[in-house]
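> turn this into a structure:
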Amino acid sequence: MVPYTQTLVISTMAIGISITTVTSHWFIAWMGLEMSTLAIIPLMSQYHHPRAVEATTKYFLTQATAASTILFATTTNALLTGQWDIQLMTHPIPTTMVVLALSLKLGLAPFHIWLPEVLQGLDLSTGLLLSTWQKVAPVILLVQIPAANQELLICLGALSTLIGGWGGLNQTQLRKILAYSSIAHLGWMVIIMQFVPAYTLLAFMLYISMTTAMFLSLKLYQSTDITSLAMSWAKAPLLASMLPLLMLALGGLPPTTGFLPKWLVLQELAKQGLPLTATFAALTALLSLYFYLRLSYAMTLTIAPNNTAGLTPWRTSPPKVSFPMPTFLLATILLLPMAPALLTLVLISNV
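Got it, this is the predicted structure:
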């Protein structure tokens, strides 16, 4: 893609998400969502591969359906209550429709079918944008909606944690595994959203950090399936020793940073009198942890068949490490001791 075109597309996507984040009017928020959706489509289809074109088409149809539902629901709410303000959306039927439409945009279960297939057809750079930056606006809108159906959000969150863990068990493609990981993490965010929105924002920020480090590492290795991970140590030995810790952080295993949001969510669910929901979420986290352990095993304890020249490419052509990757990688592994400061910062900013 021409650099000028790429700059224009990325700038439009950033402006659209920023508009949706800062506005309080539903129509303007809808316009921002559409700007970000239309801006990422050229990035998704830039390689003109049949898989990329198929993924772009699926993404466009899904997002168009969600956007039309949001516009219809918010217009209905304006007719019934006379309000276009996001925080004054009080009628239960339009509110439920908007929550379901935003769930479709995010890829929450049971509206998750499109996400693994779309992510599988994209390159790792565009997949990173789809998994992180494109989810900012829908999450912010979900946090702002008041008096949403609490049972609906708990059901969507619990089902997403289950599907996200269960769906990744039999996958061999890393992009599909990361798609199901995204579904599971979003489930943890949604399940606590109505009780403490600050925990949702903290979990989302840590999710962006962990997912960015994972995508950049896979891009460095040029790995798209589990088999290719077995030779990652030969390309960058130091990174290969850190990447299993990143995978365990995505699984929420202490003492990594990924343990913090899961611990806070389980603690708050217990305080709210929902011990069964907390137990269910903790059990589904074991499913996600299993396939992350599977990736760690494939990366550290197995060696793919190869010739002698293919075992030591790091001696002749070491890969170039981009600046953001070490930052996000270290933040993913080492931020847990700063949990009180992070929690205080998020709570203050939320007030």
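> what residue spans form the domains of this protein?
Following automatic domain parsing, one finds the domains of the chain at 1-148, 150-351.
> now those domains as CSV including mean pLDDT and mean neighbour count?
Every residue, glycine included, has its C-beta placed from N, CA and C. Listed next are these as CSV, based on pLDDT from 0 to 100; neighbours: other Cβ atoms under 10 Å:
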stretch, mean pLDDT, mean neighbour count
domain 1-148, 91, 18
domain 150-351, 84, 18
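> list the residues that contact Leu33.
Going by Cβ atoms under 8 Å, 6 or more residues apart in numbering, Leu33 touches Gly16, Thr20, Ala67, Ile70, Lys105, Ala137, Pro138.
> that should have said Leu238, apologies.
So Leu238 contacts nothing (Cβ under 8 Å, 6+ apart).
> let me know the helix or strand that it is in.
Per DSSP states H and E, Leu238 falls inside helix 237-251.
> quick one: that helix to chain centroid distance?
Counting by Cα atoms, centre = their mean, to the nearest Å, helix 237-251 is centred 18 Å from the centre of its parent chain.
> and the next element down the chain from it?
helix 259-271.
> and the contacts of that next one?
So helix 259-271 is in contact with 188-189, 191-192, 195-196, 199, 202-203, 206-207, 249, 252-254, 275, 277-278, 281-282, 285, 335-336, 339, 342-343, going by Cβ under 8 Å, 6+ apart.
> so that helix versus helix 237-251, what angle?
Interaxial angle, helix 259-271 versus helix 237-251 (axes from the mean of the first three to the mean of the last three Cα atoms, to 10 degrees): 10 degrees.
> could you export helix 259-271 as PDB, CA atoms only?
Output in PDB follows, covering the C-alpha atoms of helix 259-271 (Å, rounded to 0.1, in the frame of the first residue of the first chain):
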ATOM      1  CA  PHE A 259      -3.400 -12.500  36.700                       C
ATOM      2  CA  LEU A 260      -4.500  -9.000  37.900                       C
ATOM      3  CA  PRO A 261      -7.800  -8.500  36.000                       C
ATOM      4  CA  LYS A 262      -8.900 -12.100  36.600                       C
ATOM      5  CA  TRP A 263      -8.200 -11.800  40.400                       C
ATOM      6  CA  LEU A 264     -10.100  -8.500  40.600                       C
ATOM      7  CA  VAL A 265     -13.100  -9.800  38.600                       C
ATOM      8  CA  LEU A 266     -13.400 -13.000  40.800                       C
ATOM      9  CA  GLN A 267     -13.100 -10.900  43.900                       C
ATOM     10  CA  GLU A 268     -15.800  -8.500  42.900                       C
ATOM     11  CA  LEU A 269     -18.200 -11.200  41.700                       C
ATOM     12  CA  ALA A 270     -17.800 -12.800  45.200                       C
ATOM     13  CA  LYS A 271     -18.600  -9.500  46.800                       C
END
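> I figured Ile140 hits Thr20, correct?
Yes: the pair Ile140 and Thr20 passes the contact test of Cβ atoms under 8 Å, sitting 6.9 Å apart.
> residue contacts, Lys296?
Careful, residue 296 is Ser; it's not Lys. Per Cβ under 8 Å, 6+ apart, neighbours of Ser296: Pro244, Met247, Leu248.
> right, I mislabeled it, should have said Val9
Met1, Ala39, Ile40, Pro42, Leu43.
> before we move on, which element is the closest residue to the fourth one other than its chain neighbours in?
So that's Pro42. Spatial nearest neighbour of Pro42, chain neighbours left out: Val9 (5.3 Å); criterion: Cβ to Cβ, 6 or more residues apart in numbering. Val9 is part of helix 3-22 when elements are defined by DSSP H and E.
> and the helix holding Leu238, C-alpha only, in PDB?
Only the C-alpha atoms of helix 237-251 are listed here, as PDB (Å, rounded to 0.1, in the frame of the first residue of the first chain):
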ATOM      1  CA  PRO A 237      16.700 -17.300  21.500                       C
ATOM      2  CA  LEU A 238      16.200 -14.500  24.000                       C
ATOM      3  CA  LEU A 239      12.700 -13.800  22.900                       C
ATOM      4  CA  ALA A 240      11.900 -17.500  22.800                       C
ATOM      5  CA  SER A 241      12.700 -17.600  26.500                       C
ATOM      6  CA  MET A 242      10.300 -14.700  27.200                       C
ATOM      7  CA  LEU A 243       7.400 -15.700  25.000                       C
ATOM      8  CA  PRO A 244       6.200 -18.600  27.200                       C
ATOM      9  CA  LEU A 245       5.900 -16.100  30.000                       C
ATOM     10  CA  LEU A 246       3.800 -13.900  27.700                       C
ATOM     11  CA  MET A 247       1.500 -16.900  26.900                       C
ATOM     12  CA  LEU A 248       1.100 -17.700  30.600                       C
ATOM     13  CA  ALA A 249       0.200 -14.000  31.200                       C
ATOM     14  CA  LEU A 250      -2.500 -14.300  28.500                       C
ATOM     15  CA  GLY A 251      -3.800 -17.300  30.400                       C
END
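> run through the bridge partners of Gln173.
Asp225 (DSSP bridges).
> ranges for the helices of the stretch 51-200 of the chain?
92-106, 114-120, 124-131, 136-144, 150-167, 174-191, 197-221 (DSSP state H, counting those that start in this stretch).
> against which helices or strands is the fourth one packed?
In other words, helix 136-144. helix 3-22, helix 26-44, helix 92-106, helix 197-221 (3 or more Cβ pairs under 8 Å, 6 or more residues apart in numbering; DSSP states H and E).
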